[in-house]
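Asker: Provide a 3D model corresponding to the input given below.
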Amino acid sequence: MKNFTYAGIGARATPRPVLANMNAIANWLAREGWLLATGGANGADAAFARGTPNGSRSLYLPWDGYNGHRGPHCHAPGPGELAAWTEAARQAHPAWGRCSVAVRKLHARNAAVLLGPGLDSPVAAVVAWTPGGAVTGGTGLALRIADAHGIPAFNLALVSPRETCLRLRAIRAAA
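Answerer: Just a heads-up that it's a prediction; the model follows:
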């Protein structure tokens, strides 16, 4: 069975019922052979990670030890990777000049979640949540990157968990 990777992302302030759905979706996807790429933030990222076994997830971190994450499933960028991740994020951000250095690193991490550590292995799909389905915040930047690379994205504010899983199953079947 071929493994597929999806990005599990969303707002830190994701509502509890949506976090529960994310956890259930992650658990189902892991059983179906999907791998998770996420960013290690509280809220949505943590819900996806909790539903996914250690060997089936990769956490892309803006810096070493972000949110206390450590281990073989964690990837913090080296200087060369950080420069590439940052450039990919800058291209998708509407107001890059207003971002602090730390926020730029958080956004750069989102580019790696979507495109892989070398920016050459994009995920097969994105499962996300943003308030009202808006393309906003760090998740909005990731959704813009997904759109620019033709990666299908399912926002749980707009698409039910069941429909999301059915669409992911169809993506896998079509491959």
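Asker: could you list the low-confidence segments of this protein?
Answerer: Residue ranges of the chain with pLDDT under 70: 1-3.
Asker: change it to 90
Answerer: Residues of the chain meeting the criterion pLDDT under 90: 1-3, 12, 54, 137-138, 175.
Asker: quick one: the strands in it, in order.
Answerer: Here the chain has its strands, by DSSP state E, at 4-8, 34-38, 57-60, 74-75, 125-128, 153-155.
Asker: deepest-packed of these, please.
Answerer: Per-stretch averages of neighbours, counted by mean count of other CB atoms under 10 Å, single out strand 125-128 among the strands of the chain, with a mean of 26. All C-beta atoms are positioned from the backbone trio N, CA, C, and that covers glycine.
Asker: what are the boundaries of the helices in the chain?
Answerer: For the chain, the helices defined by DSSP state H cover 16-31, 44-50, 79-92, 101-115, 137-148, 161-174.
Asker: okay, those helices in TSV with distance to Trp63 and mean neighbour count next?
Answerer: Formatted as TSV, the helices of the chain follow (distance: least, CB to CB, whole Å; neighbours: other CB atoms under 10 Å):
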stretch	distance to Trp63	mean neighbour count
helix 16-31	24	18
helix 44-50	15	24
helix 79-92	9	17
helix 101-115	6	22
helix 137-148	15	22
helix 161-174	31	14
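Asker: among those, which is nearest Ala7?
Answerer: Smallest distance to Ala7 across those (CB to CB): 5.1 Å, for helix 101-115.
Asker: how much space separates Arg98 from His107?
Answerer: 12 Å (CB to CB, to the nearest Å).
Asker: ok, Ala41 next?
Answerer: Distance, Ala41 to His107, by CB to CB: 12 Å.
Asker: mutual contacts of these two, please.
Answerer: In terms of CB atoms under 8 Å, 6 or more residues apart in numbering, Ala41 and His107 are both contacted by the residues Gly138.
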